[in-house]
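*Asks:* Would you be able to build a 3D model of this:
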Amino acid sequence: MFNPPSPSTEIRLPTQDANEAAVGKGFEVELGQFWYHPDTQEWVQWHERYLVVYSQSFAAAQIQGLQQRLERAQNALDKLAAKPGKEPEELNLKVEAILKRHRVKEFFCVSLNVETDTQTVIWDRVDPSVTQ
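*Replies:* Got it, this is the predicted structure:
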């Protein structure tokens, strides 16, 4: 978090030496809470402490997991692109299913381009084996 409301503190494990890198960092935020008590018709107020913590190892694991999901989704999309089928609607549904399965929909921008090749063949009525 940029510009936390209170200074960040390094977090160290109890068994960790002072010269070892911290396992994380964090800060606390105190917020006042209110609740209206219907029986006494009075407001009740209290304070809660929220701890905001950043762990380097947890962040690294999350990044690695995201990279694996992105790679798997890309491989599945490449495999689908090799044999897309004939119906654009069906292809679009398959793409959406892949992105949803791998939980990476917000990281991909997919567009479908339909290309159609047409070829005109003129048959000779006198001799059907001749084409132009």
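*Asks:* tell me the SS of residue 30?
*Replies:* strand (DSSP: H, G, I helix; E, B strand; the rest coil).
*Asks:* Kindly state the pLDDT recorded for the residue positioned nearest the centre of the chain?
*Replies:* Central residue of the chain (C-alpha atoms, centre = their mean): residue 104, 4.0 Å from the mean position. What the model reports as pLDDT for residue 104 is 96.
*Asks:* Next: residue 130.
*Replies:* We note a pLDDT of 60 for residue 130 in this prediction.
*Asks:* Skipping adjacent residues, who's closest to the residue nearest to the centre of the chain in space?
*Replies:* Closest residue to residue 104 apart from its sequence neighbours, by C-beta to C-beta, 6 or more residues apart in numbering: residue 73 at 4.7 Å. Where C-beta positions appear, they are placed from N, C-alpha and C, glycine not excepted.
*Asks:* That's all I had, so thanks and see you.
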